[in-house]
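pasting a predicted model and its sequence here:
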Amino acid sequence: MTAFFFAPSDFAGRLIRPATLAIALTMAGLSAQAQVSVGLIDTGVRASHVDLRGVVQPGFNAVDGSADTRDLVGHGTHVAGILAAGAGNAGNLAIVPVQVFATNGASDASLSAGVNWASTRVGILNLSLSAGAPVAGAAIRDAVAQGALVVVAAGNRGAAQTDWPARFAAQSWANGAQARGGVIAVGAVDANNRIAAFSNRAGDTAPWFLVAPGVDIKSSFASGDTASAQLSGTSMAAPAVSAAAARLQATWPRLSPKDAGAILLATARDLGARGTDPVYGRGLLDVDAAMRPVGNLSSATGTGAVTVGGSTAMRLSPATVALGQPAAAAAMTVVGVDSYRRDYSVNLQSRLVDPLPMMLGRTFDVMDLRMQQVEKLLPDGTRLLVQAGESFALIRSDEAGEFAFGAGNQGGQYFGIAAGLDVAALANPYAALTPRGAMLARGLRYGDTLVKAGLYTGAATEPNGTAWTQVDARTLLLEVSHRMTQSLALSATWSNSQEQGAWLGSIGSGGLTVNQTVQTEAVQFGTALSLTSKTVLAGSYAVGRTPTVQTSGAVGVVSASVTEAMSVALIHRDAFVNGDGLSLSVSQPLRSRSGTVSASLQSGVDADGHAVMSNRSVSLVPSGRELLTEFAYRAPLGRDRSVSAVLAVRQQPNHDATAPIDAMVALRFRQLF
């Protein structure tokens, strides 16, 4: 007969209260909480203890075959208190005591009988005991074959290898690919997460070895219904692991004990040498990490599963901001499952990023670019417009009209009433769907009428909120402009934009990726009235239609939608010094006037773990209407100096009726050296 012992290294601790022992656990899943039973193979339990009332179930005395599991030693009650505290004492834990110790110790026979009895009734077995030779191997092997997770204290000899039966964890039948359950060995660390001097190390059980707090642990004791004690040992560390496994199963009832153990091993915090090592094994038990998703978080849609964690994000555009507003919150909440099929509630709105806000740097940079524009007339009559940042345009006139070629910012400024007026608010918002790129155009003149046709193409890697997305787009433009009088000009511009990697300027990744080609057909009307030789009043209105788009992600089906934008501006040149510019503009950024996003998204899981789907619909029409009022002044002060001033006010920014006014005022002096 092999003698074996429970494993506290200090069994005569002082009396204290056990409430300080609770291990922080985070509820994360959506599944209904279920009761999980843990078999406590030990000295018995004082079931009347205040910390264990209602938790302890009828058990088994493997020594005499009776149902008497009273604890006459105290060890089992102390372990039970740790187990109950770690599981949260939330009514979802049942401790089934199995007494295997007689007054003079325990035997292989009593331990085997206890394990055999428990393995037919519970899925998690806690063995806070150890021996110097193999014990109860057949019984533990049968328990694993039935799908049980067996958590065993490593022993308290400070040895390089675990004692038995913890060392069974290294056997293929315990943790091999074909094993239905598993064995986890548990060592002890102190308050500084250093391996306790008395704790056996991982040794050859390292891949299945965890450490948990096991020094001066406060918990219940059997000397009275309110008694408690402070003990040390790997016996105190093992129930922390069993409790964590029980918490996982209670939160996700479909989770097998084997998978619960695998999650604890996979999410352990690395200690000691990098990776799995012969001292700490997989590392420190990390219950918070175990409650979080492991691997990719995916959610079912009407067209297949998509990723809803990790890199999933979308930077909204003014045309799509309704997705991020409160009215869409319920429809944007889905259920995702991790690699262990655990379900989590995912708020996709938290993955949405508003359009870039007003920023001083960007506002001044745009103004500086305009001020740094150089226009030169080449010997053959070609106009060359050059702007900082590798932006230029070549416009060459002939008898029929003109040819134009450009790149960068200048490439998109050849069309529309904004051409030559230098006010961003008047620019064509649909041409802006194409990133900075190249433009090729031809203009034909018929008296006071100029007909332009051109193609604007661009590609860029754009930020989506968490990463970067490749966006490719092109815009085909056809424009007719007519000078009614010397002071009045009208224009109408038709455009057809095709976006790849974006949707009306929104850029997504992961489950919010829009890989399909999105086509928008639009028309912009503009007018410019010269009030004086230096003052121009201009306005524009643009409206576009985007046909139905079927995406393969969580965005689902985007119905045919109509968007619009409008602006009016007063521009005055040479107001104070030669070459300065003063402008006042009021504009409404691109806004959806109609359209919906509809999708079949996962809203839960059934008892068998299958996805429960529900149809969602979100209107693209936002709650408000943004109006941007901007007063800007820029002036050169010699060759290398300039001054810029801006006052900008956004009412209902991002088309949100509840958003406060966003205002900015700034003055900048710039000196080049």
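Sure, I can see it.

how about the nearest residue to G437, chain neighbours excluded?
Take G437 and drop its neighbours on the chain: the residue closest to it by Cβ to Cβ, 6 or more residues apart in numbering is G458, 2.4 Å away. Every C-beta, even on glycine, is put in place using the N, C-alpha and C of the backbone.

can I assume the one you found is in contact with M439?
No. Using Cβ atoms under 8 Å as the test, G458 is too far from M439 to be in contact (9.1 Å).

more neighbours, those two?
Between G458 and M439, counted using other Cβ atoms under 10 Å, the more crowded position is M439 (25 against 20).

got the CA positions of the top helix by length along the chain in CSV?
Ranked by residue count and defined by DSSP state H, the top helix of the chain is helix 234-251. Output in CSV follows, covering the C-alpha atoms of helix 234-251 (Å, rounded to 0.1, in the frame of the first residue of the first chain):
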residue,chain,number,x,y,z
THR,A,234,-0.1,23.3,-3.3
SER,A,235,-3.4,22.0,-1.8
MET,A,236,-4.5,25.7,-1.6
ALA,A,237,-3.5,26.4,-5.2
ALA,A,238,-5.3,23.4,-6.8
PRO,A,239,-8.9,24.5,-5.9
ALA,A,240,-8.3,27.9,-7.5
VAL,A,241,-7.8,26.1,-10.8
SER,A,242,-10.9,23.8,-10.2
ALA,A,243,-13.0,26.9,-9.3
ALA,A,244,-11.9,28.6,-12.6
ALA,A,245,-12.9,25.6,-14.6
ALA,A,246,-16.2,25.5,-12.8
ARG,A,247,-16.8,29.2,-13.5
LEU,A,248,-16.2,28.6,-17.2
GLN,A,249,-18.6,25.7,-17.3
ALA,A,250,-21.2,27.6,-15.4
THR,A,251,-21.1,30.5,-17.8
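
what's the first helix or strand after it?
Proceeding N to C from helix 234-251, the next assigned helix or strand is helix 257-266, under DSSP states H and E.

tell me what the helix or strand following that next one is packed against?
Scanning forward in sequence from helix 257-266 by DSSP H and E, the next helix or strand is strand 283-284. For strand 283-284, the elements it packs on are strand 209-213, judged by 3 or more Cβ pairs under 8 Å, 6 or more residues apart in numbering; DSSP states H and E.

ok, and what's touching the strand it packs on?
Under the contact criterion Cβ atoms under 8 Å, 6 or more residues apart in numbering, strand 209-213 has outside partners 154, 162, 169, 184-191, 193, 195, 199, 202-203, 236-238, 240-241, 264-265, 268, 271, 280-285.

partner strands of the next helix or strand after it, parallel or antiparallel?
Going down the chain from strand 209-213, the next helix or strand is strand 217-220, by DSSP H and E. Note on strand 217-220: by DSSP bridges, its sheet partners are strand 228-233 (antiparallel).

dihedrals phi and psi, A327?
The phi and psi values for A327, taken as degrees, to the nearest 10, are phi -60, psi -20.

and what of the one 5 residues further on?
M332 has phi and psi values of phi -100, psi 10 when expressed as degrees, to the nearest 10.

verify the stated contact: it with S603.
No. With contact defined as Cβ under 8 Å, M332 does not reach S603; the gap is 11.8 Å.

neighbour count for the two, which is higher?
For M332 versus S603, neighbours defined as other Cβ under 10 Å are more numerous around M332 (22 against 18).

wait, what's in contact with N175?
A169, G182, V183, P207, W208.

which PyMOL command selects the buried ones in the residues you listed?
Command for PyMOL that selects the buried part of these, burial taken from 16 or more other Cβ atoms under 10 Å:
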select buried, resi 169+182+183+208
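
poorly predicted segments of the stretch 551-673 of the chain, please.
670-673 (pLDDT under 70).

sketch out the strands for it, chain order is fine.
557-558, 561-573, 581-594, 596-605, 611-619, 627-636, 641-651, 662-671 (DSSP state E, counting those that start in this stretch).

again with the stretch 401-550 of the chain
401-408, 437-446, 449-463, 468-483, 488-500, 507-509, 518-530, 535-546, 549-550.

I'd like the distance from stretch 619-638 to the chain centre, please.
32 Å (Cα atoms, centre = their mean, to the nearest Å).

first-to-last residue distance for that stretch?
52 Å (Cα to Cα, to the nearest Å).
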